[in-house]
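Undergrad: below are the sequence and a predicted model for it; my questions follow.
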Amino acid sequence: MKAKRVNAILALFLLTSFQLLSAQNKPLVKEIKSTMLKATRFMVEEVSYNGGYVWNYTPDRSRCWGEMEAKPTMIWTQAPGTPSMGQLFLDAYHATGNEYYYQAAEKAAQALIKGQLDSGGWNYMIDFAGEESLIDWYNTIGKNGWRLEEFQHYYGNATFDDEATFGPAYFLLRMYQEKNDAQFKIPLQKAILFVLESQYPIGGWPQRFPLNNDYQKDNHPDYSSFITLNDDVHRNNVLFLVSCFELLGDSSLLEPIQRAMNCIMILQQDAPQPGWSWQFTTDLKPTGARTYEPAGIYSGATYSCIGLLMDYYELTGETKFLTRIPEALQFLESIKLPEEFKEYYPREILPGFDLYPSCVEVGTNKPLYVHRSGSNATSGKYFADYNHLNQWMPTFSMRSLNLQRLKDRFAHLKMLSPEKASENSPLKTTERKKLPKFVSGTIHPVIEQDAQQIINDLRIKPYWEGTFAYSNPYIGDGPVQPTEGDFSCTQNGDKYDTSPFRFSEDTKGISTSTYIENMFRLICYLNQ
């Protein structure tokens, strides 16, 4: 018996030694680690500001952008800004064991903590020059972004939009897990409390909190207090609370999680339009948001919510989440656009995907298409009607969706017992689990030639060159009289419009998304 145990231990030792030796002998490992460190040192020591990042920089760093042009004293909370960079640093730390990456992640976390609002959430950006500088940005660059209305008014509160709060909160949760460092505990607790306090009794969340309804545009109501599903607000808040429960074991989180899951069922509309909108009034009616987002039932929201209901079935094993999925699938099928509409859609439609109107009118099921007139944020107006011609940005008014993918998943879940479907649910175990080792992507095979190309691409410059959108510099508010020309179908307007846009040849420079993508591909090579 003792001999068998010794042999088993010896076999395990030999296997582990072989795995370590194989990893060390894998081609390019030394070069990859050197390349990763070179690229990271440049981003940390040359590009970051107070440990944080925006999205893109000109090579000389004279101009920089988040979703819009940023001041040099700003960092961005939206992906792929500071939280995304911090998550990548943690991924690199796990892949290499090099403490430099943890230190880089720590700097990013500290920058986010400095920018955390008293409420516990975050805005889209942090300006280390202070609130006066931030207000000035909103009154100049932000105000004149014609198609980016969320930046045209300074609320002074936090937002769930575009992961601006989820990204920092989830990153802090992961940082706290890493070494149980007390410096992350209080800001993490503040973030958890913010998510809980901002949740409506019905279970959903507003886009911004604390509530502030002081901005109406073109006679449209302020939408920031509406129950918001858009940009994964609801999905991310549930994910964050589930992750907190999974890691911290706080059972008080279970009730708000359950309430949030039930909310998606409650928001599903009655027949003959059993779908969802991206926003709902607090009395649960579908509503619009920005002036180019009309009230209606949205195909993208319906597709997303069907997926959420299946997620919640896997979390709970409660069949109530599956009950109304068939009618939602039938509803989507009923609004599919005819084949000939594909000629108006500028993107390739992949096999298995069909074209759907983004929004259909409540009561009629007629597709609504968005148009615009004018030339900038001052003179411009958006409006929706039934005319599919001369759309502003057809990719906004039409969606390419793979309905069969949802049907297949639903059919699979229906074959499973509730116990089997939810057997891996973190809500159904008292065992505390760690968060994923890597979160910047899914580990996938990377061949040696691709890894070598990434290495080669860094030999000339200290960064991987990326392409990104550019923008007009702020030159003052646009005139009331529209500029001559037709801007009805363009991505941005005249010279007064500060919205980023694509050149025929994209601007090249330092890009956090390119850095994250290449770093993660090298991490995949090291860990495959």
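TA: Alright, I've got the coordinates.
Undergrad: and the pLDDT for Leu148?
TA: pLDDT, Leu148: 97.
Undergrad: that one contacts Met68, correct?
TA: Yes. Using CB atoms under 8 Å, Leu148 is in contact with Met68, at 6.0 Å. All C-beta atoms are positioned from the backbone trio N, CA, C, and that covers glycine.
Undergrad: need the helices for the stretch 51-200 of the chain, in chain order.
TA: 82-96, 99-115, 131-137, 166-179, 185-198 (DSSP state H, counting those that start in this stretch).
Undergrad: let's have the ones you listed in CSV, adding distance to Pro482 and mean neighbour count.
TA: Converted to CSV, these look like this (distance: least, CB to CB, whole Å; neighbours: other CB atoms under 10 Å):
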stretch, distance to Pro482, mean neighbour count
helix 82-96, 38, 26
helix 99-115, 38, 21
helix 131-137, 25, 15
helix 166-179, 37, 23
helix 185-198, 39, 19
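Undergrad: which of those sits closest to Ile516?
TA: The closest of the helices of the stretch 51-200 of the chain to Ile516 is helix 82-96. By CB to CB, the value is 4.9 Å.
Undergrad: now the angle from that closest one to helix 166-179?
TA: Interaxial angle of helix 82-96 relative to helix 166-179 (axes from the mean of the first three to the mean of the last three CA atoms, to 10 degrees): 30 degrees.
Undergrad: angle of helix 82-96 against helix 99-115?
TA: 160 degrees.
Undergrad: pLDDT on helix 82-96, on average?
TA: The average pLDDT for helix 82-96 rounds to 98.
Undergrad: show me what it is packed against.
TA: Packing partners of helix 82-96 (3 or more CB pairs under 8 Å, 6 or more residues apart in numbering; DSSP states H and E): helix 29-42, helix 99-115, helix 166-179, helix 512-527.
Undergrad: can I get the ones you listed in JSON lines with distance to Asp127 and mean pLDDT?
TA: As requested, the helices and strands packed on helix 82-96 are exported to JSON lines (distance: least, CB to CB, whole Å; pLDDT from 0 to 100):
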{"stretch": "helix 29-42", "distance to Asp127": "24", "mean pLDDT": "98"}
{"stretch": "helix 99-115", "distance to Asp127": "8", "mean pLDDT": "98"}
{"stretch": "helix 166-179", "distance to Asp127": "15", "mean pLDDT": "98"}
{"stretch": "helix 512-527", "distance to Asp127": "18", "mean pLDDT": "98"}
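Undergrad: Serialize those helices to a markdown table and add fields for distance to Glu348.
TA: Converted to a markdown table, those look like this (distance: least, CB to CB, whole Å):
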| stretch | distance to Glu348 |
| --- | --- |
| helix 29-42 | 32 |
| helix 99-115 | 36 |
| helix 166-179 | 30 |
| helix 512-527 | 21 |
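Undergrad: which one of those lies nearest to Ser422?
TA: Taking the helices and strands packed on helix 82-96 one by one with CB to CB, helix 166-179 is closest: 22.9 Å.
Undergrad: and that closest one with helix 185-198, angle?
TA: Using the same axes, to 10 degrees: helix 166-179 against helix 185-198 is 140 degrees.
Undergrad: which elements pack onto helix 166-179?
TA: Helix 166-179 packs on helix 82-96, helix 99-115, helix 185-198, helix 233-248, going by 3+ CB pairs under 8 Å, 6+ apart.
Undergrad: my read: Arg61 touches Val47, true?
TA: Yes. Between Arg61 and Val47 there is a contact at 7.1 Å, judged by CB under 8 Å.
Undergrad: find the residues that touch each one of those two.
TA: Residues touching both Arg61 and Val47 (CB atoms under 8 Å, 6 or more residues apart in numbering) are Ile510.
Undergrad: looking at those two now, which is surrounded by more residues?
TA: Val47 (18 against 13; other CB atoms under 10 Å).
Undergrad: in the stretch 401-528 of the chain, which spans are strands?
TA: Counting by DSSP state E, counting those that start in this stretch, residue ranges of the strands within the stretch 401-528 of the chain are 465-468, 507-511.
Undergrad: which one's more surrounded, Leu148 and Met68?
TA: Ranked by neighbour count (other CB under 10 Å), Leu148 and Met68 place Met68 first, with 24 against 19.
Undergrad: looking at the protein, which helix or strand is least sure?
TA: Scoring the helices and strands of the chain by mean pLDDT, DSSP states H and E places helix 2-25 at the bottom, with a mean of 44.
Undergrad: hmm, back to that, so which of the strands of the stretch 401-528 of the chain is the most packed in?
TA: strand 507-511 (a mean of 21; mean count of other CB atoms under 10 Å).
Undergrad: in its sheet, what does that strand sit against?
TA: strand 56-57 (antiparallel), strand 465-468 (antiparallel) (DSSP bridges).
Undergrad: by how many degrees do it and helix 29-42 diverge?
TA: Using the same axes, to 10 degrees: strand 507-511 against helix 29-42 is 100 degrees.
Undergrad: number of nearby residues for Glu46?
TA: For Glu46, the count of nearby residues is 12 (other CB under 10 Å).
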